[in-house]
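In: here is my input; please provide its structure:
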Amino acid sequence: MMNIIAQLNILKAMELKPNYSELAREYGMDRRTVKKYFEGYEGKPKTKNKTSKLDKYYDEIKAKLAIKGTTVKAVYEFFVSKGYDIGTYSNFNKYVKRKGLKPTKKIMAHPRFETPEGEQAQVDWKEEIKLTSKYGEEYIINVFNFKLGFSRYCYFELRETKTQQDLFECLINAFKTIGGVPKSILFDNMKTVVDIENGRRKVNNKMKAFADDFGFKILLCKPRHSFTKGKVESSNKFIDWIIPYDGEFKDIEELKNIINEINKKVNQSVSQTTGIPPLALFQKEKEYLSPLPCTNIIESYLNFEQKVKVYKDSMIYYKGNRYSVPEKYINKNVTIKAVNNELQIYFNTDLICVHTLNNKKLNYLPEHYKSIMKNTIKNAEDLDQICNENLNRLDNLL
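Out: The predicted structure follows:
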């Protein structure tokens with residue numbers, strides 16, 4: 001095609017009229033096509049300016065990708081969960097790149113290694129993810145990430161804190177979920193596992209005792225070599241799927257449900273490395289896990305006291321229900337303890353209130369609700385009546 005265009009340009013520059021029929025025979029073309037090229041036709045454009053069904057979501061896609069820390073896959077999964085008709089991930093990713101909505105990152109190479117069934121798990125935290133509810137409440141969450149090396153089976157758990165007690169409880173919950181214990185677990189140099197003495201790393205005594213009681217060996221990553229636990233690191237990108245829910249969720253309980261749904265989807269989706277869903281390979285790997293220790297040992301590591309945050313409605317969450325505390329503890333962390341049928345709430349060592357455990361979604365003590373309403377209702381005569389009416393409405397509604 002370039003040859004005939006060049007020849008036509010020469011004839012045009014010499015102001016000579018071409019013999020269209022002769023040129024057509026020479027290049028095996030229709031004479032009308034030759035004439036079109038001589039008169040300025042440049043051929044079909046290399047790129048078509050076609051519309052996409054994703055164009056109507058352009059602003060939403062752009063807004064979600066602008067959230068710090070999110071990924072293209074996370075945004076895609078968010079829209080799928082909302083029921084949007086956005087096609088396959090491959091086409092979605094191509095659309096994002098074509099529109100220049102997400103810059104590409106340089107990927108550093110590092111070696112891979114595989115482990116036999118039941119041999120190893122890797123553990124990490126996805127730390128301090130900041131999210132805001134649809135009501136403007138800010139949440140800072142951490143997600144525990146446990147991944148079996150052979151099957152790539154994952155266990156995620158949302159926590160508001162990441163103390164050593166949180167680590168013990170999350171590990172126990174992971175062991176219960178998979179029905180056993182791997183022979184070894186690879187950790188990075190988290191403070192809840194490692195003490196630094198004279199510039200040298202040492203597994204702290206509590207962590208060592210926990211590992212001995214549950215029958216696994218502790219392995220540590222080399223400092224500044226996070227790729228050593230690359231399998232669990234790669235799972236953190238799935239936890240990032242929660243980021244597009246910023247401004248879309250109601251409360252901490254809904255966030256926990258979202259993490260659980262993400263966890264299920266990851267385990268049921270085909271692994272890019274193995275070509276098999278982790279859940280399928282896990283059916284083989286679980287046979288190689290060591291049994292859990294006796295109930296007494298497990299319960300000795302479970303702390304029935306729990307630290308939680310007091311939110312701006314002056315309430316804390318416990319097992320899906322909310323219970324009130326005095327207004328002055330808003331935005332502070334308190335300790336809750338379930339004793340028989342009571343929920344005891346402490347600030348430091350002070351017992352600040354007690355609730356009867358029940359199935360009600362909202363549990364305001366009248367004095368706590370009245371204290372909050374004082375900021376809105378200035379007339380003391382109306383305060384008691386309005387508070388009582390509002391609490392009765394809440395009870396009837398819920």
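
In: which parts of the stretch 51-200 of the chain are strands?
Out: 120-132, 138-148, 154-159, 184-187, 194-197, 200-203 (DSSP state E, counting those that start in this stretch).

In: residue 85 contacts residue 53, correct?
Out: Yes. Between residue 85 and residue 53 there is a contact at 6.9 Å, judged by C-beta atoms under 8 Å. (Each C-beta comes from the backbone N, C-alpha and C, glycine too.)

In: about what we covered before: can you add distance to residue 322, mean pLDDT and mean neighbour count and give the strands of the stretch 51-200 of the chain back as JSON lines?
Out: Below are these laid out as JSON lines (distance: least, C-beta to C-beta, whole Å; pLDDT from 0 to 100; neighbours: other C-beta atoms under 10 Å):
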{"stretch": "strand 120-132", "distance to residue 322": "18", "mean pLDDT": "92", "mean neighbour count": "19"}
{"stretch": "strand 138-148", "distance to residue 322": "14", "mean pLDDT": "93", "mean neighbour count": "21"}
{"stretch": "strand 154-159", "distance to residue 322": "17", "mean pLDDT": "94", "mean neighbour count": "22"}
{"stretch": "strand 184-187", "distance to residue 322": "34", "mean pLDDT": "94", "mean neighbour count": "20"}
{"stretch": "strand 194-197", "distance to residue 322": "37", "mean pLDDT": "85", "mean neighbour count": "12"}
{"stretch": "strand 200-203", "distance to residue 322": "39", "mean pLDDT": "86", "mean neighbour count": "12"}
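
In: wait, which of the ones you listed is closest to residue 96?
Out: Judged by C-beta to C-beta, the one of those that comes nearest to residue 96 is strand 120-132, at 22.0 Å.

In: so which helix or strand takes in residue 317?
Out: Residue 317 belongs to strand 315-318 when elements are defined using DSSP states H and E.

In: name every strand pairing with that strand and say which way it goes.
Out: strand 321-324 (antiparallel) (DSSP bridges).

In: now the strands of the stretch 51-200 of the chain in JSON lines, with distance to residue 72?
Out: Listed next are those as JSON lines, based on distance: least, C-beta to C-beta, whole Å:
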{"stretch": "strand 120-132", "distance to residue 72": "18"}
{"stretch": "strand 138-148", "distance to residue 72": "20"}
{"stretch": "strand 154-159", "distance to residue 72": "20"}
{"stretch": "strand 184-187", "distance to residue 72": "28"}
{"stretch": "strand 194-197", "distance to residue 72": "35"}
{"stretch": "strand 200-203", "distance to residue 72": "37"}
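
In: below-threshold pLDDT in this structure: ranges please.
Out: Counting by pLDDT under 70, the chain contains low-confidence residues at 1-2, 42-49, 103-114, 223-235, 378, 380-381, 395-398.

In: can you show me the helices along it?
Out: Secondary structure of the chain, counting by DSSP state H: helices at 2-13, 20-27, 31-38, 58-65, 72-81, 89-98, 164-178, 205-214, 230-239, 252-268, 278-285, 295-300, 366-373, 380-397.

In: what's next to the strand holding residue 317, contact-wise?
Out: Contact partners of strand 315-318, identified using C-beta atoms under 8 Å, 6 or more residues apart in numbering, comprise 251-253, 306, 308-310, 322-325, 334, 336, 338, 343, 345, 362, 364.

In: how far off centre is that strand?
Out: Put simply, strand 315-318 sits 23 Å off its chain's centre (C-alpha atoms, centre = their mean, to the nearest Å).

In: got the CA positions of that strand in PDB?
Out: Backbone C-alpha positions of strand 315-318 (Å, rounded to 0.1, in the frame of the first residue of the first chain) are rendered in PDB as follows:
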ATOM      1  CA  MET A 315     -21.900   3.300  71.600                       C
ATOM      2  CA  ILE A 316     -19.600   0.300  71.200                       C
ATOM      3  CA  TYR A 317     -20.200  -2.900  69.100                       C
ATOM      4  CA  TYR A 318     -20.400  -6.400  70.600                       C
END
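
In: follow-up on the earlier one: okay, the helices of the chain in a markdown table with mean neighbour count and distance to residue 316 next?
Out: Shown next, in a markdown table, are the helices of the chain (neighbours: other C-beta atoms under 10 Å; distance: least, C-beta to C-beta, whole Å):
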| stretch | mean neighbour count | distance to residue 316 |
| --- | --- | --- |
| helix 2-13 | 13 | 74 |
| helix 20-27 | 14 | 81 |
| helix 31-38 | 16 | 76 |
| helix 58-65 | 16 | 31 |
| helix 72-81 | 20 | 28 |
| helix 89-98 | 15 | 39 |
| helix 164-178 | 19 | 16 |
| helix 205-214 | 15 | 27 |
| helix 230-239 | 20 | 24 |
| helix 252-268 | 17 | 10 |
| helix 278-285 | 17 | 35 |
| helix 295-300 | 10 | 24 |
| helix 366-373 | 16 | 11 |
| helix 380-397 | 12 | 17 |
